[in-house]
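Q: task: produce atomic coordinates for the following.
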Amino acid sequence: IMAPKRTTATTTSTAMTDAQLKAPITQGVVDALRKLKQTELAEMVMTTMILELVAEEQSELVVSTTTMTSSNVNP
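A: Predicted structure coming up:
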């Protein structure tokens, strides 16, 4: 009976300091927060635009209702 062959794997590792490990993590957090702020700003702008459009349409509706009522009263 032959003994099983042993294989060894060699891996190369690079020592990293805490600062080197934390830098990409910190950058990822900063990038995520920046994206979140941009998303929130975009949502606020869209909400404002929608509210302005609704306000304009309500004003136009009031004007047209008043005009129609006035024309109906004076034959």
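
Q: so the residue nearest the centre of the chain is in which element?
A: Closest to where the C-alpha atoms of the chain average out (Cα atoms, centre = their mean) is Thr39, at 2.9 Å. Following DSSP states H and E, one finds Thr39 within helix 18-73.

Q: show me the shaky parts of the chain.
A: Scanning the chain for pLDDT under 70 picks out the ranges 59-75.

Q: hmm, 90 instead?
A: 1-16, 46, 49-75 (pLDDT under 90).

Q: next, count neighbours for Ala3.
A: Residues within reach of Ala3, counting by other Cβ atoms under 10 Å, total 5. Every C-beta, even on glycine, is put in place using the N, C-alpha and C of the backbone.

Q: that one: what secondary structure?
A: Taken by DSSP: H, G, I helix; E, B strand; the rest coil, the conformation at Ala3 corresponds to coil.

Q: again, but for Thr10
A: coil.

Q: report the separation between it and Glu52.
A: 66 Å (Cβ to Cβ, to the nearest Å).

Q: who has more neighbours, the two?
A: Glu52 (10 against 4).
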